[in-house]
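> Got a sequence here, can you model it:
(2 chains)
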Amino acid sequence: MALLEVKDLEVSYGVIKALKGISFEVNEGEIVTLIGANGAGKTTTMQSVIGLIPKKSGTVVYDGEDITKTPCHKIVHLGMSQVPEGRRIFQELTVYENLLMGAYSKKKDDKFDEDLENVYKRFPRLAERKNQIAGTLSGGEQQMLAMGRALMSHPKLLMLDEPSMGLSPLLVDEVFDIIKDINKDGTTILLVEQNAGKSLAISDRAYVLETGSIVLSGTGAELAASEDVKKAYLGV
Amino acid sequence: MEFIETLINGLSIGSTYAMIALGYTMVYGIAKMLNFAHGDVIMVGGYIIYVGLTVSGNPIISFLAAVLSCIILGITIEKVAYRPLRGASPLAVLITAIGVSYLLQSSAQMIFGSAPKMVTIADLGSISFSGLTIPVYVLVTLACSVVIMTALTLFVKYTRTGRAMIAVSEDKGAAQLMGINVNRIIMITFAIGSGLAAFAGLFMLMKSPSLSNTLGAMPGIKAFTAAVIGGIGSIPGAMLGGILMGVVEAISLKIPVIAPYTDAIEFLILIIILLVKPTGILGKKRREKV
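Predicted coordinates:
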């Protein structure tokens, strides 16, 4: 059964149609990737699904519940979590306080210590720097913090918007390893990436987004082998 | 000795400004708007105290009624006037705030007339020790302010709601992604700011019993100046800016040559500080995302 089902989603910024009716689904346990160039509508898709920006039409069903009109903060309480583009960690708060904010949708005693320990285990650097002001972390550490923060609500569906952006090649590999790991531990993943090669390699399925429409879909391996994708996104 | 008395008086004027400045700065930090009607909430609080004293004669009941009324007023203003404009141009919000300010002032004038009312809260007298003579209301103002500012600082730093306020002030979108109801946080901010305005109203009436519909206008502007001096959006900044303004005011009023120019001197300080540090004393420059 699909954990997330998006049907005919349309989003406009004024007169500009950013999404022209896209449909896709994410099944429980999968890693699904949306790839596409700048301005294709990837971030718009992510933000409208979780309710940060309004949808013009279409429906979004999550875990059997229609969330088309649900405000963002309530969707988060349903077990959906997002690592936004550009990380957007709380710069003035410490690493620990950022993680605390990540658990905002949970009651304090609701396995908080266990979640915190799991995050520290996955990202040892965050444990070392837990009392450091988040704004002083390096880019890679901030990305780890953003991911750790999103995991603090132990989501069923984790959405990651360009997690590899601005990171060194070594760190990019590390981030993709961590995503695979999080998925192995039972979290469903919806990923948006410009790094098509690496993301298709870890994806069960993927969709190609082009100027607001989905133009291709298939398994990660199929798309990685597709001539169109190769030419447009893999640079071969 | 006289200097110490002046200083203590300045601290008490300053804590009144700080109470008001906190309302400006918190609303600015969290809702990203200038609530120019904030000073007039003080005035409404003053009239509630006046009505309470006339009806019940009990200053404590009157004051509590004022706090409660101001909180309800603040929440109502936010919900009716500002919330529909969320996402609108800042100018639209600003002109609305000025409109609300005039609405409150004119309503008060229609209900209570334009002649000032005398509000005698309680004659607390003054106390003398080791050569100092200090009115008791000054000490009450100082004590209340210290307690309130400490409580507020602890609230913001250590409670779930307080941290949510910091999160919203930094990044509304990211805050929503944490599951924070931004509208609720903004409502709480208005409630706190307006409650503090009631305290400011009490402090002002204890100092000088004359109450009119423009009670909050000048202190509102000065407190806003204080908030900018301290760094708008910063809670410790509002406290510091308010205290600084109060002390400067008290000292300036004691020196005959410059006493008539006290207001001008206070605004001059604003200009100088903004020239040296455009973000205010404790204001931070938000780092742009890389």
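> pLDDT wise, what is residue 217 at?
Chain wasn't specified; assuming chain A. If you check residue A:217, the pLDDT there is 94.
> ah, no, chain B please
Residue B:217 is assigned a predicted lDDT (pLDDT) of 94.
> Measure how buried it is and give me the count.
16 (other CB atoms under 10 Å in any protein chain shown). For glycine as for every other residue, the C-beta is placed from the backbone atoms N, C-alpha and C.
> From residue B:38, how far off is it?
Using CB to CB, to the nearest Å, residue B:217 is found at 11 Å from residue B:38.
> Then residue B:226?
Plainly put, residue B:226 is 12 Å away from residue B:38 if you go by CB to CB.
> These two: who's more crowded?
For the pair residue B:226 and residue B:38, the greater number of neighbours falls to residue B:226 (33 against 30), based on other CB under 10 Å.
> Identify the residue of chain A closest to chain B, quick one.
In chain A, the residue that lies nearest chain B is residue A:105 (3.2 Å; CB to the nearest CB).
> wouldn't that residue be in contact with residue B:177 here?
No. Judged on CB atoms under 8 Å, residue A:105 makes no contact with residue B:177 at a distance of 9.8 Å.
> For chain A, what's its nearest residue on chain B.
residue B:179 (3.2 Å).
> re the thing from before, so what sits against both of residue B:226 and residue B:38?
Common neighbours of residue B:226 and residue B:38 (criterion: CB atoms under 8 Å, 6 or more residues apart in numbering or on different chains): residue B:20.
> looking at chain B, which helix or strand is least sure?
Every helix and strand of chain B was ranked by mean pLDDT, DSSP states H and E. The lowest is strand B:126-129, at a mean of 89.
> which SS class is the residue of chain A closest to chain B?
Three-state assignment for residue A:105 (DSSP: H, G, I helix; E, B strand; the rest coil): coil.
> For it, which non-adjacent residue is spatially closest?
residue B:179 (3.2 Å; CB to CB, 6 or more residues apart in numbering or on different chains).
> and if you look at residue A:61?
Nearest to residue A:61 is residue A:5, by CB to CB, 6+ apart, at 4.4 Å.
> check contacts around the one you found.
A:25, A:59, A:60, A:61, A:62.
> what's the answer for residue B:231, then?
Listed by CB under 8 Å, 6+ apart, the contact set of residue B:231 reads B:237, B:241, B:279, B:280, B:281, B:282, B:283, B:284.
> Please tell me the pLDDT value assigned to it.
Reported pLDDT for residue B:231: 94.
> State the helix or strand in which the closest residue to it other than its chain neighbours lies.
Spatially, and ignoring its direct neighbours in sequence, residue B:231 is nearest to residue B:283 (2.6 Å; CB to CB, 6+ apart). Secondary-structure assignment from DSSP states H and E places residue B:283 in no helical or strand segment.
> you'd agree residue A:80 is up against residue A:150?
No. Contact criterion CB under 8 Å: residue A:80 and residue A:150 do not qualify, at 9.9 Å.
> So the two - more neighbours on which side?
residue A:80 (28 against 25).
> OK, contacts around the more buried one?
Per CB under 8 Å, 6+ apart, neighbours of residue A:80: A:4, A:50, A:62, A:155, A:156, A:157, A:159.
> now it: how far from residue A:159?
Distance from residue A:80 to residue A:159, by CB to CB: 7 Å.
> Quick one: the strands in chain A, in order.
A:2-13, A:16-27, A:31-36, A:57-62, A:65-66, A:80-83, A:157-161, A:188-193, A:205-210, A:213-219 (DSSP state E).
> CSV for those, including distance to residue A:180?
CSV is the format used below for the strands of chain A (distance: least, CB to CB, whole Å):
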stretch, distance to residue A:180
strand A:2-13, 18
strand A:16-27, 16
strand A:31-36, 8
strand A:57-62, 23
strand A:65-66, 28
strand A:80-83, 15
strand A:157-161, 12
strand A:188-193, 9
strand A:205-210, 15
strand A:213-219, 16
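> of all those, which lies closest to residue A:145?
Residue A:145 sits nearest to strand A:80-83 of all these, at 9.8 Å, using CB to CB.
> so how far is the closest one from its chain's centroid?
Per CA atoms, centre = their mean, to the nearest Å, the displacement of strand A:80-83 from the mean C-alpha position of its chain is 6 Å.
> Just give the nearest non-adjacent residue to residue B:234, would you?
Closest to residue B:234 by CB to CB, 6+ apart is residue B:282, at 4.7 Å.
> can I assume that neighbour is in contact with residue B:244?
No. With contacts counted by CB under 8 Å, residue B:282 stays clear of residue B:244, the gap being 11.2 Å.
> and those two? which has more neighbours close in?
Each of residue B:282 and residue B:244 has its neighbours counted (other CB under 10 Å); residue B:244 has more, 21 against 18.
> interface residues of chain A facing chain B?
Remark: the part of chain A in contact with chain B comprises A:47, A:50-52, A:71-74, A:76-77, A:81-82, A:84, A:86-93, A:97, A:100-102, A:104-105, A:108, A:135, A:139, A:149-150, A:153, A:166, using CB under 8 Å from any CB of the partner chain.
> where do the helices sit along the stretch 151-290 of chain B?
Counting by DSSP state H, counting those that start in this stretch, the stretch 151-290 of chain B has helices at residues B:160-170, B:172-177, B:182-207, B:217-230, B:235-254, B:262-276.
> helices or strands next to the fourth one in the packing?
Meaning helix B:217-230. helix B:2-31, helix B:38-55, helix B:182-207, helix B:235-254, helix B:262-276 (3 or more CB pairs under 8 Å, 6 or more residues apart in numbering or on different chains; DSSP states H and E).
> what about 6 Å?
Packing contacts for helix B:217-230, counted by 3 or more CB pairs under 6 Å, 6 or more residues apart in numbering or on different chains; DSSP states H and E, involve helix B:2-31, helix B:235-254, helix B:262-276.
> So for residue B:208, which of those helices sits nearest?
Closest among these, using CB to CB: helix B:2-31, at 11.0 Å.
> List only buried entries from the contacts of residue B:231.
B:237, B:241, B:279, B:280, B:281, B:282, B:283 (16 or more other CB atoms under 10 Å in any protein chain shown).
> So which of those residues sits lowest on pLDDT?
Note: of the buried ones among the contacts of residue B:231, the lowest pLDDT belongs to residue B:283, at 86.
> Between the two ends of stretch A:95-111, what distance do you get?
19 Å (CA to CA, to the nearest Å).
> Where does pLDDT dip in chain A?
Where chain A drops to pLDDT under 70, the residues are A:108-109, A:235-236.
> follow-up on the earlier one: give the buried subset of the residues of chain A next to chain B as a PyMOL selection command.
Remark: buried members of these, expressed as a PyMOL selection using 16+ other CB under 10 Å:
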select buried, chain A and resi 47+50+51+52+72+73+76+81+82+84+86+87+88+89+90+91+92+93+97+100+101+102+104+105+135+149+150+153
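> before we move on, back to that, now restrict the contacts of residue A:5 to buried residues only.
Buried among these (16+ other CB under 10 Å): A:25, A:60, A:61, A:62.
> From the contact counts, what lies against the lengthiest helix in chain A?
Secondary structure assigned by DSSP state H gives helix A:169-184 as the longest helix of chain A. Other helices and strands packing on helix A:169-184, by 3+ CB pairs under 6 Å, 6+ apart, are helix A:196-202.
> quick one, what contacts residue A:42?
A:34, A:36, A:192, A:209 (CB atoms under 6 Å, 6 or more residues apart in numbering or on different chains).
> nope, residue A:234 is what I meant
A:196, A:197.
> which one of the contacts of residue A:42 is nearest residue B:99?
Of all the contacts of residue A:42, residue B:99 sits closest to residue A:192, with 43.2 Å by CB to CB.
> For the stretch 151-290 of chain B, what lies in contact range of chain A?
With CB under 6 Å from any CB of the partner chain as the criterion, the stretch 151-290 of chain B comes near chain A at residues B:167, B:170, B:171, B:173, B:174, B:176, B:177, B:178, B:179, B:180, B:181, B:289.
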